[in-house]
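Peer 1: have a look; sequence and predicted model below, questions after that.
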Number of protein chains: 2
Amino acid sequence: MAARRQIKLSAYLVGTGMHVASWRLPSAKADASIDIDYYRRLAQTAERGKFDIAFLADSLAINEQSHPNILNRYEPITLIAALASSTSRIGVVATASTSYSEPFNFARQFMSVDHISKGRAGWNIVTTRDLSGNTARNFGAAEHYEHSFRYERAAEYLEVVRGLWSSWEDDAFVRDKESGVFFDPSKLHRIYHKGKFFSVEGPLNIGRSPQGHPVFVQAGTSDAGQQFAASVAEVVFSIKYNKEDAQAYYREFKQKVVAAGRAEEDVVILQGISPIIGRTEREAKEKLETLESLITEETGISFLSDYFPGVDFRGVTLDSRAADVGLDRLELSKSDYKKHQPVIARENPTLRQVYSLLTGSFSGDHLVGTPDKIADTLQEWFEDRAADGFMLMAPQQPEGIEEFVDLVVPILQERGLFRTEYEGATLRENLGLKVPENRFAAARAAVRG
Amino acid sequence: MAARRQIKLSAYLVGTGMHVASWRLPSAKADASIDIDYYRRLAQTAERGKFDIAFLADSLAINEQSHPNILNRYEPITLIAALASSTSRIGVVATASTSYSEPFNFARQFMSVDHISKGRAGWNIVTTRDLSGNTARNFGAAEHYEHSFRYERAAEYLEVVRGLWSSWEDDAFVRDKESGVFFDPSKLHRIYHKGKFFSVEGPLNIGRSPQGHPVFVQAGTSDAGQQFAASVAEVVFSIKYNKEDAQAYYREFKQKVVAAGRAEEDVVILQGISPIIGRTEREAKEKLETLESLITEETGISFLSDYFPGVDFRGVTLDSRAADVGLDRLELSKSDYKKHQPVIARENPTLRQVYSLLTGSFSGDHLVGTPDKIADTLQEWFEDRAADGFMLMAPQQPEGIEEFVDLVVPILQERGLFRTEYEGATLRENLGLKVPENRFAAARAAVRG
């Protein structure tokens, strides 16, 4: 009998929370983004809630308008190495860009964390959007790589990394003290890669981990991004603000995965959610209002002016509506904006809400309320194939994660929708993903027939 | 009253030990190089012994002749992030190369670990020797950078990294919840670096750590390397096989530091030691003989043939002497070889010993014996200004570190030569090094007069 399909959960850890004003709450630890003990507790809370993943986003440039939680924060790969040491079951996923790094270095670092965590690491692969050009200027590039170029580079980068991760076959290390033979040279491989972007010989100086290699996570939204994700990602995450959009994305993405020659179950689809949990509906709404009220006029208008260079924000306030400055009809080519534009057109939100939306925290009515209401929403989305699970992007942290773990998780568990204990030791085992093949061992097996 | 000068100690952690055959010992954990629990215990043992530093070396390429302990091992930056989480007082130092990485990425990662460890991180800066060309071929370079070019790049790399580490002044983060002001924009800085190798704008998305920034460690032996070290290093380490050579190095290096405009006490000089500890002199000698006997003829001769391409090793065994194949008179231009050549010429060692020497484990008679004898040697070297402290490169691990901590450290402590408790919370405090200035804050102070 096949095990019942269950929800997968990932916690997006980010300082005081996704909401741009969360640091101003009286309870907030305003320096949370650079407090290692705080991050350890967050990860341990998620692990207490049996979450699959503790997730860390990233960016490679900041400016005066950046979210306070990203101005001064840990680099994700080093942070997951530390969090792996303070947890024992939860997966740890770091974001890293293929556009501004060397594949040999990152292949090593990710595999190293996969060993440190005993098979619990994941890599959120990004190609780095760089709307302002700030990132390119931190890496000596005159301007940012254009979009299709980035994905072409990413595909070759992954080819190199997967090759390097096949350097050592699983049984290469003989370690026979008697004979003095440490390894079998026939199971050590060089990749001799020569491509458009990289020339890498190998071998890598680290072998495969207990789960083969880190889990590939991706959140591409553009056509090229989705095509890339369909061919390599094992977890994807997306943010949709209503069930129908999420169902359409789910259906279409699984089709792309199959078209890329993989099985539907090779990819877990998570939907990003920013719930606001209250003992009553009223309390939840008040929490949201408190958060929104903490956005200062200056911060908000300055951000929006920067984001929408052609729009005139003089004479309006954050309580004005999108339509007051024409945002309801605005077309922009930024791929980032395209996912928000339908919500703005449909709901004509306040500029305060537009700001929250663009900075990654927008809860939606279906996710503001009691634990039961939120559990109902998640159950419905999960059962109606809008998602295989959820990325909890709590607007306010640690509370938003603690409340979810203490109040929502038990309901999902009671309903049989979520695990009460981890199924396995590795992240792949918990996510139900297969161990990837070693390229050279597979080729050898194919020859032997 | 000035505190009495005391010995500084660093433990070089490497799998089963520096000795190339250490993995064959009956007690050895042959897979130690990839066992995170093992590394945690090693670091904790060194911390129990009040060591200043747990040190991790590195290389960016391997081949069939590589030391078993480096074939399959952790990447050092991720490993120190993990070890920082399992210790609370000892410094954690990782090796990383300026020749094959982006300064923005490594500046971030090292500062991130410095925050994770609450000011206990260090960076062993290498430019990467690449005698075989293997490293260059892992990074798309047609051939390895020639020597002076590497140091020119390293100097500019450091300039960029130090600039990025000054992005945020120490009091930049106001975090005033009432007014909504998170930081003072006048204390956020861009470096606008444009040089021969790098073009980096900044700012960095992480602020300074409790110790300012990680401690700079260096081990340059060439003229260019020593010049670089004299201008930037705060800890240097070197390996000399007799006191007079070490004294000359110590004296000359401190002169170079002063000539570079710094104070003698701005740099701590460590001498690498590979002691073999026994309850009796006889027991220590037997331990060494056991280790040497575990080198297989095939491994040893294959390594030597590779290292000395012009020398004919046919018809000799590892028990032959250096002079039997002319090694006592051989001149080679490799900077790595130059430090070993006087020992080979003077002592006409067996090829087995030459092999140990070249692979980083050679104990010397003064360091084979009882704990008292070893303590006597260290005291003499320290008091006679051959060193400010020692890098313990134990041939056999964990025993060589455990025995040093349990048997040699107490003697040094009894004699008042070594701390009985850590002096401070950060690595700089324990090493007696000053907190580096923030470049922009210093410039501001200078203007104000």
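Peer 2: Noted; the coordinates are in hand. The model shown is predicted, which means the values in this text are computed figures rather than measured ones.
Peer 1: list the contacts of residue A:47.
Peer 2: Contact partners of residue A:47, counting by C-beta atoms under 8 Å, 6 or more residues apart in numbering or on different chains, are A:54, A:87-90. For glycine as for every other residue, the C-beta is placed from the backbone atoms N, C-alpha and C.
Peer 1: so where's the stretch 101-250 of chain A shaky on pLDDT?
Peer 2: By pLDDT under 70, the weakly predicted segments of the stretch 101-250 of chain A are A:131-132, A:141-145.
Peer 1: for the stretch 51-200 of chain A, what spans make up the helices?
Peer 2: A:68-71, A:76-84, A:103-116, A:134-138, A:147-164 (DSSP state H, counting those that start in this stretch).
Peer 1: could you export those helices as TSV, including mean neighbour count?
Peer 2: Listed next are these as TSV, based on neighbours: other C-beta atoms under 10 Å in any protein chain shown:
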stretch	mean neighbour count
helix A:68-71	22
helix A:76-84	29
helix A:103-116	27
helix A:134-138	23
helix A:147-164	20
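Peer 1: dump those helices into CSV; add distance to chain B as well.
Peer 2: Formatted as CSV, those follow (distance: least, C-beta to the nearest C-beta, whole Å):
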stretch, distance to chain B
helix A:68-71, 4
helix A:76-84, 4
helix A:103-116, 4
helix A:134-138, 4
helix A:147-164, 9
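Peer 1: near chain B, from the contacts of residue A:47?
Peer 2: Counting by C-beta under 8 Å from any C-beta of the partner chain, nothing from the contacts of residue A:47 sits close to chain B.
Peer 1: which among the residues you listed end up buried?
Peer 2: Among these, those scoring as buried are A:54, A:87, A:89-90 (criterion: 16 or more other C-beta atoms under 10 Å in any protein chain shown).
Peer 1: ok, of these, which one's closest to residue A:242?
Peer 2: Of all the buried ones among the contacts of residue A:47, residue A:242 sits closest to residue A:54, with 27.5 Å by C-beta to C-beta.
Peer 1: quick one: contacts for the closest residue to the closest one other than its chain neighbours?
Peer 2: Leaving aside its sequence neighbours, residue A:54 sits nearest to residue A:43 (C-beta to C-beta, 6 or more residues apart in numbering or on different chains; 4.5 Å). The neighbours of residue A:43, taking C-beta under 8 Å, 6+ apart as the test, are A:11, A:13, A:54, A:83, A:86-87, A:90, A:92.
Peer 1: those: which two are farthest apart?
Peer 2: Farthest pair in these, by C-beta to C-beta: A:11 and A:86, 14.3 Å.
Peer 1: quick one: which of these two has more around it?
Peer 2: Using other C-beta atoms under 10 Å in any protein chain shown, the more surrounded residue of residue A:11 and residue A:86 is residue A:11, with 27 against 18.
Peer 1: pretty sure residue A:355 sits in a strand.
Peer 2: No. The assignment for residue A:355 (DSSP: H, G, I helix; E, B strand; the rest coil) gives helix, which keeps it out of a strand.
Peer 1: pLDDT value on it, please?
Peer 2: If you check residue A:355, the pLDDT there is 88.
Peer 1: then the one 10 residues further on?
Peer 2: At residue A:365 the predicted local confidence, pLDDT, stands at 83.
Peer 1: quick one: it and chain B, what's the gap?
Peer 2: Relative to chain B, residue A:365 is positioned 27 Å away (C-beta to the nearest C-beta, to the nearest Å).
Peer 1: one more: residue A:323?
Peer 2: Separation of residue A:323 from chain B (C-beta to the nearest C-beta) stands at 27 Å.
Peer 1: and if you look at residue A:32?
Peer 2: Distance from residue A:32 to chain B, counting by C-beta to the nearest C-beta: 10 Å.
Peer 1: tell me which element residue A:10 falls in.
Peer 2: strand A:8-12 (DSSP states H and E).
Peer 1: any chance you could list what contacts stretch A:239-252?
Peer 2: With contact meaning C-beta under 8 Å, 6+ apart, stretch A:239-252 is reached by A:238, A:269, A:271-272, A:339, A:342-343, A:362, A:364, A:366, A:380-381, A:384-387, A:393.
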